[in-house]
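1. Model the following, please.
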Amino acid sequence: MFLTILKLKIVKQKFLNLISKADRNLDSKTLIILSNANDPIQLAVRNIPTVETVLATSLNIKALLRAQQIFLDETTLNLIKEIYCNG
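-> Numbering: from 1, shown residues only. You can find the predicted model right below:
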């Protein structure tokens, strides 16, 4: 249990460092699109009120329109292309 919590803190810190390096903040509505449900980022940011996570397989227009900034990785982008762009 302690190891899991430690890993989540490391993931959360890496995510927050990435946000600050990208000159972004989490004050505005942020959408994180994930490729799988077991992504540690989902657990790491679940208590941040301005951050919403959604799986690429269940992406919806309401979440996209509500977000002021969107984060996803290359794997997720390829999955979105495969699912929604027929290839």
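2. Which SSE is immediately downstream of the lowest-mean-pLDDT helix or strand in the chain?
-> When the helices and strands of the chain are scored by mean pLDDT, DSSP states H and E, helix 2-21 comes last with a mean of 60. Sequence-wise, the next helix or strand downstream of helix 2-21 (DSSP states H and E) is strand 30-34.
3. which other helices and strands contact that following strand?
-> Under the contact definition 3 or more C-beta pairs under 8 Å, 6 or more residues apart in numbering; DSSP states H and E, strand 30-34 sits against helix 40-44, strand 51-55, helix 61-66, strand 69-71, helix 74-84. Just so you know, the C-beta spots here come from the backbone N, C-alpha and C atoms, and that holds for glycine as well.
4. for the most centrally placed residue in the chain, what are its contacts?
-> Taking C-alpha atoms, centre = their mean, the centroid of the chain lies closest to I32, which sits 2.5 Å from it. Taking C-beta atoms under 8 Å, 6 or more residues apart in numbering as the criterion, I32 is in contact with I41, Q42, V45, V51, E52, T53, V54, I70, F71, L72.
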